[in-house]
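*Asks:* need a 3D model of the sequence below.
(chains A, B and C)
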Amino acid sequence: MFDNDSFQQRVWQIVAAIPRGYVTTYGEIARLAGSPRAARQVGGILRRLPAGSKLPWHRVINRKGEISLTGDDLNRQRNALEEEGIEVSNNGIISLTRYRWQP
DNA sequence: AAACTGACTGTTA
DNA sequence: GTAACAGCCAGTT
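*Replies:* All right, here's what the predicted structure looks like:
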C-alpha cells in the first residue's frame, strides 16, 4: 500500500525515534531499516539532510563510539551531545556502554 | 544508464 | 590493543 517508502525515509524515521540523551550507530540504523550492510549509506543520507531538518542526526556515531565527523562539524556534534547531557571526551569518544539506545 | 562517492563495518594481520 | 583492506549499497552525477 504505502510502497513509496525508501531506505532514506526509513532512516529518517528511525533517527527521529532516538530519544534525547541516547546515541546509536550507523550500523544499527542500517539493520533497523532492513539493510544490515548499508551503514555507509546511513552516513551518506545524514550528510545530505536538508538544512534546517529537525532530525537528531547528532545522536548517530560509529561503532567505536567515536564521532565520525571532523573539524567544525565534529565540534557542532559534540556540542549538541553535551547539550543533552552526554559526556564526550576530548577526542570525540562517547561511551556506548552508557548511552546506547536499545529500541 | 553507467560510474562515482563515501557521517561504515567486519575481517585480517 | 591498533591498523590496513576490501566489501558494501543507496544516493548522486
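*Asks:* and for the longest helix along chain A, what's in contact with it?
*Replies:* Residue-count comparison of every helix in chain A, with assignments taken from DSSP state H, identifies helix A:71-83 as the longest. The contact list for helix A:71-83, computed with C-beta atoms under 8 Å, 6 or more residues apart in numbering, reads A:V23, A:H58, A:R59, A:I67, A:L69, A:V88, A:G92, A:I94. Backbone N, C-alpha and C define where each C-beta goes, glycine included.
*Asks:* likewise stretch A:19-29?
*Replies:* A:11, A:14-15, A:18, A:36, A:39-40, A:42-43, A:56, A:59-63, A:68, A:81, A:84-86, A:94, A:96, A:99-101.
*Asks:* check the residue positioned nearest the centre of chain A and give its pLDDT.
*Replies:* Centroid-nearest residue in chain A, with C-alpha atoms, centre = their mean: A:V60, separated by 1.8 Å. The per-residue pLDDT reported for A:V60 equals 98.
*Asks:* these two touch, right, it and A:I14?
*Replies:* No - taking contact to mean C-beta atoms under 8 Å, the distance of 9.5 Å between A:V60 and A:I14 leaves them out of contact.
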